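Colleague: Whatever this is, show me its structure:
(2 chains)
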Amino acid sequence: MYAVDVQTNHEVVGNVLRIDLASSVPVYEQIANGLRAELVAGEFGPGTKLPTVRTLAIDLGVHHNTVAEAYRQLANEGWLELKRHHGAIVRERPRPQAGPDAVERFARPLRELIAKGLADGLSRSALVREMTVMVQKLEGGAI
Amino acid sequence: MISLTIVLTISGVVLLIAGLFWFMPELTRRDLYFAVTVPSEFRDNHAAKAILQRYRSELLLLSVVALTAFVAGVFLLGVRVVPAGVPLELAASFIAFYRARRRVLPHAVEPTTIREADLHSRDRLIPGDWVAASGPFILLAACAIYLWFQWGDIPLRFVVHWDAFGHPNRWAARSFASVFLPLLGTAGILAALTLILYGGAYWVRPIHAVGSEGASELKFRRAVLAVVLAAEYLIALQSSWLVVVLRAHDWGTPGRIIVLFPLILVLVLVTVFVFARFGQGGSRMSAANQSASSVPVGDRTQDSYWKLGIFYFNREDPAAVIEKRFGIGYTFNLARPITWLIAFLLLMGAVLPVLVGRLHR
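Modeller: Here you go, the predicted structure:
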């Protein structure tokens, strides 16, 4: 179950996580969203070690606790196993059963995102194409 | 004759420093001009060129003044003025830099707020890894063991300091402290350099995590770490050489102490050449770096954290090692305790041999 936020502000290009310190989205959430996108796309298989909290904090120039919070969030969602002195390890994660409100929680931000795309001048076909590509890309990974 | 040699040698070093400062604005990242974040196209406009021209005029003038003061000082006050040569030139160059920086500050812009991190596992950056890094310590330990077993051969009084001409001018009586404390001092310096080596590998925040800029940056980091490692070996070699050869046997020959100078000179020249080729952070290696961006990346730090343009102090930043804004290589985040530990170790390494000379005279 993933939250799709129109104000995500994170970007992952070829296993590079980008965050925006000026964004209204909390940094820990940007980190968690960025990593989750990678995990959903299957970029990191089970057993893969992610950068340590310290390393990621230094690279992003944010406090260790901020990265630790993002890792904890992903661990709670079942993506990561956190081991003291061993960092974060990607777990095998079965596809969860979608709850009754899952579609609604997904549709609300999606509606806002589509509205923003249309407002920015994107055509309907361009939006559908983008979403199809995105879903195909993510579905290739282990969910 | 010897004074003239010393004056010429120090003058050469002074000219080298002035030369480095002369070219430094061209070796820094495009969107950092005199340690100020600016749009990357700024340095091509008229205002920037005028600032550079004035900086070089002032640098030239101040360097001539510093050199003249140094040479006059040596001939009027004697060789005790020799150590002042390099600090004088550094002060002159810094004044020129600081004045140029003040002229750039009105053109400052905010750097990007985007930060990036590579999620891949990291390559090992230290050449030869920890096997190579432990070499200098093994050399020192071997030296200490040798002295321990050759204790009887060490003269009762031996030289611990030489004057500017290479003549011994300070002696110490043989004791456990006078023989082994200088080695401990060198070990302190090596420990500090090893921390710097480790810091360069693990505590640096990459400015670009990917692309040609990221790849150039990584090559640059490897080159810097190779230079630090080479410096460690030279220091260990010099210390072992001095302690074993001069102290235990032929301690009175002045020529022996300069035997490693050519190696040091080679290291300095290779370092200058390689870094001039790379540019700061590998910025001259990457074609992508030349492209103008609407928001400057700079070094992804705010100008306000750079005191006088050279000292970085940021409590919020977990990175202990940061790319210099005006210079080649890295500097420390003064807000991190590890910086002060390294400074203490370097100080201990410099002070211990002097203490030995004074206490065991």
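Colleague: all helices for the chain, in order.
Modeller: You didn't pick a chain, so chain A it is. For chain A, helices defined by DSSP state H occupy the ranges A:27-40, A:53-60, A:64-76, A:102-119, A:124-139.
Colleague: Actually, chain B is the one I wanted.
Modeller: All helices of chain B, identified by DSSP H, fall at B:2-27, B:46-77, B:85-104, B:129-149, B:176-202, B:211-241, B:248, B:261-278, B:337-359.
Colleague: circling back: could you point out which of the helices of chain A sits nearest residue B:231?
Modeller: Nearest to residue B:231, of all these, is helix A:53-60, at 24.3 Å by CB to CB. In this view, the C-beta of every residue, glycine as well, is placed from N, C-alpha and C.
Colleague: Chain B contacts on chain A?
Modeller: Taking CB under 8 Å from any CB of the partner chain as the contact definition, chain A meets chain B at A:12-23, A:35, A:38, A:43-44, A:49-51, A:54-64.
Colleague: quick one on the thing from earlier: quick one, which of the helices of chain B gets closest to residue A:109.
Modeller: In terms of CB to CB, the element of the helices of chain B nearest to residue A:109 is helix B:211-241, at 30.6 Å.
Colleague: tell me how far the closest one is from the chain's mean position?
Modeller: The chain centre lies 11 Å from the centre of helix B:211-241; the measure is CA atoms, centre = their mean, to the nearest Å.
Colleague: Next: stretch A:25-38.
Modeller: Its chain's average C-alpha position is 5 Å from that of stretch A:25-38, according to CA atoms, centre = their mean.
Colleague: Return the set of buried residues in it.
Modeller: A:25, A:27-38 (16 or more other CB atoms under 10 Å in any protein chain shown).
Colleague: what's the closest of those residues to residue B:64?
Modeller: Using CB to CB, these come closest to residue B:64 at residue A:27, 51.1 Å.
Colleague: Identify the residue nearest residue 58 in space, chain neighbours excluded?
Modeller: I went with chain A, as the question did not name one. Of all residues not flanking residue A:58 in the chain, residue B:319 sits nearest, at 4.7 Å (CB to CB, 6 or more residues apart in numbering or on different chains).
Colleague: try chain B instead
Modeller: Of all residues not flanking residue B:58 in the chain, residue B:96 sits nearest, at 4.4 Å (CB to CB, 6+ apart).
Colleague: Over to residue B:189?
Modeller: Nearest to residue B:189 is residue B:349, by CB to CB, 6+ apart, at 3.3 Å.
Colleague: Can you give me the pLDDT of the one you found?
Modeller: pLDDT, residue B:349: 73.
Colleague: ok, now residue B:211?
Modeller: The model's pLDDT for residue B:211 equals 81.
Colleague: Then the one 5 residues further on?
Modeller: Model confidence at residue B:216, given as pLDDT, is 88.
Colleague: Around the residue nearest to it when sequence neighbours are not counted, count how many other residues there are.
Modeller: Nearest non-adjacent residue to residue B:216, counting by CB to CB, 6+ apart: residue B:282, 3.2 Å away. Look at residue B:282: counted by other CB atoms under 10 Å in any protein chain shown, it has 27 neighbours.
Colleague: and the stretch 251-361 of chain B, which residues reach chain A?
Modeller: B:300, B:301, B:316, B:317, B:318, B:319.
Colleague: Can you tell me the closest non-neighbouring residue to the fifth one?
Modeller: Put plainly, it is residue B:318. Excluding its sequence neighbours, the residue lying closest to residue B:318 (CB to CB, 6+ apart) is residue A:57, at 4.7 Å.
Colleague: I'd like to check which residues are in contact with the one you found.
Modeller: Neighbour list for residue A:57: A:63, A:64, A:66, A:67, B:318 [criterion: CB atoms under 8 Å, 6 or more residues apart in numbering or on different chains].
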